[in-house]
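1. turn this into a structure:
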Amino acid sequence: MPLSNAIVAASRGQAYEDLLAKLFQRGGWSVQRRAKDLDEGIDLVAQQGNQKYIVQIKSSSEARRDRAVPLLSQAILEAQAAAQRIPGPAIPVAVLAVDHVSKSLAEHVQAFVERNAPNMAVGLIDASGFRMFRGPGMEWLNSAGSPSRGARAPEKPSSPAYLFSDLNQWMLKVLLAKDVSDSMLSAPRKQYENASQLAEAAQVSVMSAFRFVRQLSSEGFLEDNEFLRVVRREALLERWLAANQQRVRDIPVRWVIRGSNNQLAVAVHAYVSRLARKPSPNKRAAQGPLSKAPNRICLGLFAAAEALGFKFVHGSLPHLYLERLDREVLAQLGLSMEDAQHQADAFVRIPENAEAIFRAAVERQGVPVADILQVWLDVSHHPARGKDQAKIIAQKALSQLLDGKDA
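-> Okay, the predicted model is just below:
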């Protein structure tokens, strides 16, 4: 394999490994990476309580059956062998990652596994967010995104730099921030001549910003004259809305002890106040690699709309964004998942786009709140009068952004 191809393949594998690690972490799992030079058939070790997954990932840009099945077979064998070497019980998981999963490939992989490895935990993922997992306790990893359908798949190559990936959504907010009140969206407000300046302002890698700018420009949403400028905003926002409508997991929770109507805001305020008194990141790093980063949090959806001064829907249960599902954090907030399905007091949502949400969040009386653009995206298709709420937000908070759509 030429060196350039080897570098591309390594980058692709690393990107999918990063993606899967973040998914487990958001679900409240601890994740360990394995050094590549050990070549032990393990990419990730994910553990939650007594349950442990040994994950081996194989990736390819090609979605052909004759390429996918041998890679998956190799991942299965390596994961099984690795799980036998690990002390204690562990579930081997083989994951195949390709740039595009067609419907026929998904069906073929599923049939292959059922026929040849029915007791094996297996995952199939692609760059556009499609995820299909089978195995004990792995259903929560599945994505509602439909696999592309062969001949109707986009002709241009996809990549992990998906237009509405987490960091891309954050950078898009940075580009649009100057047309949104700073009290409604937390982001730098400047004009950027190139991707390097955008990367510095958004605090992302130059390569991430370069790929984002190139893709946004290639799809006709960015003008690069003197400064980077977003155009065709209505069409872009429609695309963004559609990308934001993947099935989300709203976890019902209830109060252990029910209090006042603003109990959630009070609990979140107390939680972030405690975090502010904890050691700095440098001090945490000195404590050792097992020290967890703080679990970021903010109000979302209609609760966020109300906090931002746009209360419209009455009686809906409040939503709370939490970076990772953590029962200890819920307990600190006074919330519990036990018996909450039939008597929920609120919903907890673990976001796919954590950076875009938490970096752009604003503060209201000491309480972190999702930004107004995120609220608009989240409520637009909500069944509880979400369209009406979104219309009010668009008229009163996003009018300047939309007025500049084609200027």
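2. tell me the helix or strand right after the lengthiest strand in the chain.
-> In the chain, with assignment by DSSP state E, the single longest strand is strand 51-60. Following strand 51-60 in sequence order, the next helix or strand is helix 65-85 (DSSP states H and E).
3. name the residues of that next one that are buried.
-> Buried residues in helix 65-85, counted by 16 or more other CB atoms under 10 Å: 68, 69, 71, 72, 73, 75, 76, 78, 79, 80, 82, 83. Glycine gets a C-beta too; all of them are placed from N, C-alpha and C.
4. how long is stretch 224-231 from one end to the other?
-> 10 Å (CA to CA, to the nearest Å).
5. circling back to that earlier point, can I get the buried residues of helix 65-85 in a markdown table with distance to residue 371 and pLDDT?
-> As requested, those are exported to a markdown table (distance: CB to CB, whole Å; pLDDT from 0 to 100):
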| residue | distance to residue 371 | pLDDT |
| --- | --- | --- |
| 68 | 40 | 85 |
| 69 | 44 | 87 |
| 71 | 40 | 91 |
| 72 | 40 | 91 |
| 73 | 45 | 91 |
| 75 | 39 | 91 |
| 76 | 43 | 92 |
| 78 | 43 | 91 |
| 79 | 40 | 90 |
| 80 | 45 | 90 |
| 82 | 42 | 89 |
| 83 | 43 | 87 |
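6. make TSV out of these and add distance to residue 340.
-> As requested, the buried residues of helix 65-85 are arranged in TSV below (distance: CB to CB, whole Å):
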residue	distance to residue 340
68	40
69	42
71	41
72	38
73	42
75	37
76	37
78	40
79	35
80	37
82	37
83	34
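7. so which of those is the closest to residue 100?
-> Comparing the buried residues of helix 65-85 against residue 100 with CB to CB places residue 68 closest, at 11.2 Å.
8. give me the pLDDT value at the residue most central in space within the chain.
-> In the chain, the residue lying closest to the centroid (CA atoms, centre = their mean) is residue 352, at 1.9 Å. With respect to pLDDT, residue 352 scores 84.
9. let me know the secondary structure of it.
-> Put simply, residue 352 is coil when judged by DSSP: H, G, I helix; E, B strand; the rest coil.
10. looks like it contacts residue 166 (just checking).
-> Yes - counting by CB atoms under 8 Å, residue 352 touches residue 166, with 6.8 Å between them.
11. show the subsequent helix or strand relative to the strand or helix carrying residue 97.
-> For residue 97, the host element (DSSP H and E) is strand 91-98. Later in the chain than strand 91-98, the nearest helix or strand by DSSP H and E is helix 103-116.
12. and the angle for that following helix with helix 65-85?
-> For helix 103-116 against helix 65-85, the angle by axes from the mean of the first three to the mean of the last three CA atoms, to 10 degrees is 40 degrees.
13. list the buried residues for helix 103-116?
-> 105, 106, 109, 112, 113.
14. what's the domain layout of this protein?
-> Following automatic domain parsing, one finds the domains of the chain at 3-152, 166-245, 250-399.
15. next, the distance between the ends of the second one.
-> With CA to CA applied, domain 166-245 spans 14 Å between its terminal residues.
16. tell me how many other residues crowd residue 129.
-> Using other CB atoms under 10 Å, residue 129 has 17 other residues around it.
17. pretty sure it contacts residue 142?
-> No - Residue 129 is not in contact with residue 142 according to CB under 8 Å; the separation is 11.0 Å.
18. tell me the pLDDT at the residue lying closest to residue 75 once chain neighbours are set aside?
-> Once flanking residues are discounted, residue 75 sits nearest to residue 94: 3.7 Å by CB to CB, 6 or more residues apart in numbering. For residue 94, the model assigns a pLDDT of 93.
19. please apply the same query to residue 304.
-> For residue 304, the model assigns a pLDDT of 93.
20. picking up where we left off before, what angle separates the strand holding residue 97 from strand 51-60?
-> For strand 91-98 against strand 51-60, the angle by the same axes, to 10 degrees is 20 degrees.
21. pull up the pairing partners for strand 91-98, direction included.
-> Using DSSP bridges, strand 91-98 pairs in its sheet with strand 51-60 (parallel), strand 121-126 (parallel).
22. what comes up buried for the first one?
-> This points to strand 51-60. For strand 51-60, by 16+ other CB under 10 Å, it's 52, 53, 54, 55, 56, 57, 58, 59, 60.
23. restricting to C-alpha, output that strand in CSV.
-> The C-alpha coordinates for strand 51-60 follow below in CSV (Å, rounded to 0.1, in the frame of the first residue of the first chain):
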residue,chain,number,x,y,z
GLN,A,51,-20.3,-5.4,31.9
LYS,A,52,-17.2,-5.1,29.7
TYR,A,53,-16.9,-5.0,25.9
ILE,A,54,-13.7,-5.8,24.0
VAL,A,55,-14.0,-3.9,20.7
GLN,A,56,-12.1,-4.5,17.5
ILE,A,57,-12.8,-2.1,14.6
LYS,A,58,-12.0,-2.6,11.0
SER,A,59,-12.5,0.2,8.5
SER,A,60,-12.5,0.6,4.8
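24. I'm done for today, thanks for sticking with me.
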